[in-house]
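**Student:** 3D, please:
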Amino acid sequence: MLKFQTATKEDLKLAASIQRRRQIDAERKERIFNARFRKIGVSLKTSKIDKEFLDKQVAEKKQQRELEQARESQLDENLIRGSKLALLLEKQQEEERRKIHKEIEHFRQQYQRPEQRRDFDLYDPTALKKKEHVDLSFGPGLAQKFPGEDEDDAKGRLKAQKEELRWWIEKQKNERMQAESERQETEKAYETAVISRDKRAMALDQMERDCRRRLNEATARFNRALAEEQEYRRHCEALQEEEDKKADIYNHVTGDFLTEAKEQAESAHGPRKPLASRYKGMTAEELRVFREAQAQQLKEIEEMRLQEKRKNEEWDRLMNTQAEIADSYQREIDRKRTEIQKKIAVENLELAQQHKSHQEYLNRVLYKTKPTAAFFEQFNRDAR
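**Tutor:** So this is what the prediction gives:
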């Protein structure tokens, strides 16, 4: 008979506790590892500020990712351009190699034919046809020709062979010397071209740094002038405000209220509603002073308007001048950069080949054994 173990209250309580801890741990993992719904790191008191900061970080990361994509696209375009240039150069080299082989073959057909060799008479297939035939009308007792006997003068033939050998040796020596001289001249010309290219690149780089330095100096001068102008304007405004305060204080001190003048005709309803029982009207002196003050104010306002107009015109001229200088510097920098890019276009081919070799080394030697998915699944399995 089978006996099954019954679950006690302690076992049920322990199982519920384990299940509750597992659920809490799963919720914690959801809060930590889910980037979309993560709440850790955001303060409850400053949630709005933190959200704005996090949104700013997301925008910056997006902008950085776009810049990286643009940079990768530019690198891909440069690589494609370098590959096309490499194919073009390879095609040109193949054409030159084919042309050289054709010229060599033509030279061999014209100047290195088999019948021109000095030992051609040893294996000439028509040698028997060229020899003089023995007159059969004479008997064998006359001994016209014995085997091994040379028909021509042996010494003259040996001398001619030596002269021909000496001539060929001298010709090969001259050809080797000429080839060595041409190789040295080619290497010297190549070194001169490389040195000239490097000097030109250094000069262009120095010119670009000088242009950038002058542009920075012009920008600094412009910023200093702008700061001085703003400081001068703030100073003028502070002086004007101080004068206004002093004038206000002086008017209060010398006014009828503090001096207790007899001509206190103003009522509590405002200056335009004087007390009829006390007001006697403005005197001629008051009218004259009032009109003079109005004229002076109009004159000051007109002068201030003219000064403001002159300042704006000077400011516009300064801005236009700085903009023209900046545009000219920028055009110069763009032109120099274009020339530099054209100069280093040839170097992109070598860089592409090096990158390809390095990538092959990484794929075939260094990263030959790649980690599997099981290697990465052993991480981040627990929220703790």
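**Student:** mind saving the C-alpha coords of stretch 231-243 as PDB?
**Tutor:** C-alpha atoms of stretch 231-243 as PDB (Å, rounded to 0.1, in the frame of the first residue of the first chain):
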ATOM      1  CA  GLU A 231      29.200  96.400 -20.400                       C
ATOM      2  CA  TYR A 232      29.100 100.000 -21.700                       C
ATOM      3  CA  ARG A 233      25.300  99.800 -22.200                       C
ATOM      4  CA  ARG A 234      24.800  98.400 -18.700                       C
ATOM      5  CA  HIS A 235      27.000 101.200 -17.300                       C
ATOM      6  CA  CYS A 236      25.000 103.800 -19.100                       C
ATOM      7  CA  GLU A 237      21.700 102.300 -17.900                       C
ATOM      8  CA  ALA A 238      23.100 102.200 -14.300                       C
ATOM      9  CA  LEU A 239      24.100 105.900 -14.600                       C
ATOM     10  CA  GLN A 240      20.800 106.900 -16.000                       C
ATOM     11  CA  GLU A 241      19.000 105.000 -13.300                       C
ATOM     12  CA  GLU A 242      21.200 106.600 -10.600                       C
ATOM     13  CA  GLU A 243      20.400 110.100 -12.100                       C
END
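**Student:** That stretch: how far from the chain's middle?
**Tutor:** 47 Å (Cα atoms, centre = their mean, to the nearest Å).
**Student:** Would you mind checking the average pLDDT for that stretch?
**Tutor:** What stretch 231-243 shows for mean pLDDT is 89.
**Student:** Number the residues from 386 up from this point.
**Tutor:** Sounds good: first residue 386 from here, last item stretch 616-628.
**Student:** now what about that stretch, what contacts it?
**Tutor:** Contact with stretch 616-628 is made by no outside residue, as judged by Cβ atoms under 8 Å, 6 or more residues apart in numbering. Just so you know, the C-beta spots here come from the backbone N, C-alpha and C atoms, and that holds for glycine as well.
**Student:** again with stretch 706-714
**Tutor:** So stretch 706-714 is contacted by 596, 599-600, 603-604, 607 (Cβ under 8 Å, 6+ apart).
**Student:** Likewise for stretch 453-465?
**Tutor:** 733, 737, 740.
**Student:** what's around the second one, how many residues?
**Tutor:** Right, the one you point to is residue 737. A count of nearby residues for residue 737, using other Cβ atoms under 10 Å, gives 18.
**Student:** Test my guess that it contacts residue 467.
**Tutor:** Yes: at 4.4 Å, residue 737 counts as touching residue 467 under the criterion of Cβ atoms under 8 Å.
**Student:** related to what we said a few turns ago, of the contacts of stretch 453-465, closest to residue 685?
**Tutor:** residue 733 (68.4 Å; Cβ to Cβ).
**Student:** For this protein, which segments count as helices?
**Tutor:** 394-418, 432-496, 512-515, 539-638, 641-644, 669-728, 730-746, 758-762 (DSSP state H).
**Student:** how much space is there between the closest residue to residue 610 other than its chain neighbours and residue 609?
**Tutor:** Spatial nearest neighbour of residue 610, excluding adjacent residues (Cβ to Cβ, 6 or more residues apart in numbering): residue 703 at 6.7 Å. Distance of residue 703 to residue 609, computed by Cβ to Cβ, to the nearest Å: 12 Å.
**Student:** So which of the two has more stuff around it?
**Tutor:** More crowded of residue 703 and residue 609, by other Cβ under 10 Å: residue 703, with 14 against 10.
**Student:** The more buried one and residue 575: what is the separation?
**Tutor:** Taken as Cβ to Cβ, the span from residue 703 to residue 575 is 52 Å.
**Student:** Next: residue 620.
**Tutor:** In terms of Cβ to Cβ, residue 620 sits 67 Å off from residue 575.
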